[in-house]
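>>> Sequence and predicted structure below; questions after.
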Amino acid sequence: MIKKIIIAMTAIGLIAGAQMTAQASPKSDLKKYRSYWKSKLPAGKSLDDYADGIYIYNQDMYDSWQAIEEFPPYELDIEAGEKEYNKAFKNGKTYASCFKNGGIGIAQNYPYWNGKKVKTFEAELNECRKKNGEKPLKWKKGKLAQLSSYLKDTSRGKAINVVVPNSKGAIAAYEDGKQFYFARRGQLNFSCAHCHFDGAGKYIRANILSAGIGQATNFPVYRSKWGGLGTMHRRYGGCNKQVRAKPFKAQAKEYTNLEYFHTYMSNGFKLNAPSNRQ
């Protein structure tokens, strides 16, 4: 298995847990990444189908998922997020005052490099609260996940368009996220790539492992395991725990940079957040 994953990483110019001898550009990475996943497509599927997560690998599970999506368990969360978004702060302003276009239909452009660091959608929502004299919300679930879900829903169907400017800081953040994705960690000595690159489509116990492409389209996500919504950083923390590594705090630089790389690798895929997963 180790031999396979080294070969796969080399194919897109990435070596797990080590500095690259020749740094590829983000555009070059993306081109090779998409080419790799095209070569791994299940019969009868297209590249866009990777946005369906594990359901690309099992038709019965896909059919059940589609039935659930007729009356999705996150529907009330979207409504709660909309209500919260339009609720005035104590100073009379709303979240809309902090965002271009009032925050509507812009989620496909996150995360982005602001000249100093990577900014995620959830981070800007909490910054908006603090700017208007309100306490920040808890990062991984609850009201913040509902707010993000509502706003992501207003961008449903729009293609992810994360930009990595040709600047030292932006490239460094992207490379840091890439290195995190392929670096081993925890007592199990696993990387993100072990499960979602080489292991995609395979079973781990009774669960199918999803592909590392298209995953960013559906967060925040409603997971049956959680019984509710969770942000991408909640999922990152859970993955780290599963390999017996100490998770970083939500919105720590390690996770924001990981989200930057991870989402960039899904550029061109249409947002379908929030979504329902096992």
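Alright, I've got the coordinates. Fair warning: this is a prediction, and the values are worked out from it, not measured in the lab. Numbering: from 1, shown residues only.
>>> Could I get the full set of helices for the stretch 151-278 of the chain?
For the stretch 151-278 of the chain, the helices defined by DSSP state H, counting those that start in this stretch cover 168-182, 192-193, 232-242, 253-264.
>>> ok, residues contacting the last one?
Read it as helix 253-264. 26, 30, 110-111, 113, 117-120, 123, 160, 162, 164, 173-174, 176-178, 180-181, 192, 212, 215-216, 232-233, 236-237, 248-249 (CB atoms under 8 Å, 6 or more residues apart in numbering). C-beta here means a position set from N, CA and C on the backbone, and glycine is covered the same way.
>>> now do 7 Å
For helix 253-264, contacts defined as CB atoms under 7 Å, 6 or more residues apart in numbering pick out 26, 30, 111, 118, 120, 160, 162, 164, 173-174, 176-178, 180-181, 215-216, 232-233, 236, 248.
>>> returning to that earlier point: what's the most buried one of the helices of the stretch 151-278 of the chain?
helix 253-264 (a mean of 23; mean count of other CB atoms under 10 Å).
>>> That one to helix 232-242, inter-axis angle?
Between helix 253-264 and helix 232-242, the angle comes out at 110 degrees (axes from the mean of the first three to the mean of the last three CA atoms, to 10 degrees).
>>> which residues touch Tyr62?
For Tyr62, the contact set (CB under 7 Å, 6+ apart) comprises 52, 55.
>>> Equivalent analysis for Tyr150, please.
The contact partners of Tyr150, taken as CB under 7 Å, 6+ apart, are 78, 81-82, 85.
>>> Compare these and tell me which has the most neighbours.
Counting neighbours by other CB atoms under 10 Å, Gly81 comes out on top of the contacts of Tyr150 with 25 neighbours.
>>> what's the closest non-adjacent residue to that residue?
Nearest residue to Gly81, sequence neighbours excluded (CB to CB, 6 or more residues apart in numbering): Tyr150, at 3.0 Å.
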